[in-house]
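In: What would the 3D arrangement of this be:
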Amino acid sequence: MDFLASPEFWIALGQIIIIDILLGGDNAVVIALACRKLPPAQRTKGIIWGTAGAIVLRVILIAFAMTLLSLPFLKFAGALLLVWIGVKLLAPDEEGHGDVQGSDRLLAAIKTIIVADLVMSVDNVIAIAGAAQNSGEHSFLLVVLGLLISIPIIVWGSQLVIKLMERFPIIITAGGMLLGWIAGGMLVTDPAFVNPDKWQWMFKLPLDAASGEVLPAIKYGACVAGALLVLAAGKFILARRAAAAPAEH
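Out: Sure thing, here's the model as predicted:
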């Protein structure tokens, strides 16, 4: 237990908690979007179980972070999945909701939270892992402690976002576009597109000479394109449903 007296341990723990809170904003929005259509009595269950599942997977992901991020097309696949989740959250499937059991809808919400959080965490875990490495041999303990401390903050934030969504529906649209924004940034930072030494048969994006990273204009352009893609696809699906509804009646 000598490490508890180490300033490095507490500094690293503080950094991880701050990172979790800052990055938890995205997760709070996803959790709120996924749980907003649940009956009020089930929302808390959905938020708690979805967050718990996402935290467990994030710990596992952090343990393999460097290896995972070096794999080609992982971010590309994650970006496509995130766009799909964003569209589904903007235009949820309303068919048969009256016949669907509450438990089924609860499990669907939990699954959406876990999958979205896992995909979004691919970039985020590097910041957490980097902060934890400064403490030496207790880095994994730091990761777990930081995540556990941040859980109540993310859960409370999700419940606040749900209340805001009920009052300001535009937040739902903004949340879906946020997922598209993240997806665009993930896609153009995939190693297959930015690593000049490997997978040379792939198209390569121009990199900044100083940092070696993709040009900011390209990254932010992709973020904007991803957000607009989710918005356009969601609006298109909702418009088609609205046009088909009178025909059914």
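In: Check the secondary structure at the residue nearest the centre of the chain for me.
Out: Centrality entry for the chain: nearest residue to the mean C-alpha point is Met120, 3.1 Å, by Cα atoms, centre = their mean. The three-state assignment at Met120 reads helix, by DSSP: H, G, I helix; E, B strand; the rest coil.
In: show me what contacts it?
Out: If a contact means Cβ atoms under 8 Å, 6 or more residues apart in numbering, then Met120 has 26-27, 30, 82, 179, 182 as its contacts. Where C-beta positions appear, they are placed from N, C-alpha and C, glycine not excepted.
In: Distance to Leu142, secondary structure and neighbour count added to the residues you listed, as TSV?
Out: Shown next, in TSV, are those (distance: Cβ to Cβ, whole Å; DSSP: H, G, I helix; E, B strand; the rest coil; neighbours: other Cβ atoms under 10 Å):
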residue	distance to Leu142	secondary structure	neighbour count
Asp26	22	helix	20
Asn27	19	helix	25
Val30	25	helix	30
Leu82	28	helix	28
Leu179	28	helix	30
Ile182	25	helix	26
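In: Show me the two of these that sit farthest apart.
Out: Spanning the widest gap among these are Asn27 and Leu82, at 12.6 Å by Cβ to Cβ.
In: coming back round to it: now the contacts of Met120 in JSON lines, with distance to Ala217 and pLDDT?
Out: Below are the contacts of Met120 laid out as JSON lines (distance: Cβ to Cβ, whole Å; pLDDT from 0 to 100):
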{"residue": "Asp26", "distance to Ala217": "23", "pLDDT": "67"}
{"residue": "Asn27", "distance to Ala217": "28", "pLDDT": "71"}
{"residue": "Val30", "distance to Ala217": "27", "pLDDT": "79"}
{"residue": "Leu82", "distance to Ala217": "22", "pLDDT": "81"}
{"residue": "Leu179", "distance to Ala217": "22", "pLDDT": "82"}
{"residue": "Ile182", "distance to Ala217": "18", "pLDDT": "81"}
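In: Count the neighbours of Pro39 for me.
Out: 10 (other Cβ atoms under 10 Å).
In: Ramachandran coordinates for Val214?
Out: Here is the backbone geometry of Val214 (degrees, to the nearest 10): phi -60, psi 150.
In: and it, how many neighbours?
Out: 20.
In: got a list of what it touches?
Out: Taking Cβ under 8 Å, 6+ apart, one finds 188-189, 193-194, 205-208 in contact with Val214.
In: just the buried members of those residues?
Out: Neighbour counting with 16 or more other Cβ atoms under 10 Å marks 188-189, 193-194, 205, 207 as buried within the contacts of Val214.
In: so which of those residues comes closest to Leu228?
Out: So of these, ranked by how close each gets to Leu228 (Cβ to Cβ), first place is Val188, at 15.1 Å.
In: ok, back up a step: mind putting the contacts of Met120 in a markdown table, distance to Val56 included?
Out: Converted to a markdown table, the contacts of Met120 look like this (distance: Cβ to Cβ, whole Å):
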| residue | distance to Val56 |
| --- | --- |
| Asp26 | 18 |
| Asn27 | 14 |
| Val30 | 16 |
| Leu82 | 20 |
| Leu179 | 21 |
| Ile182 | 21 |
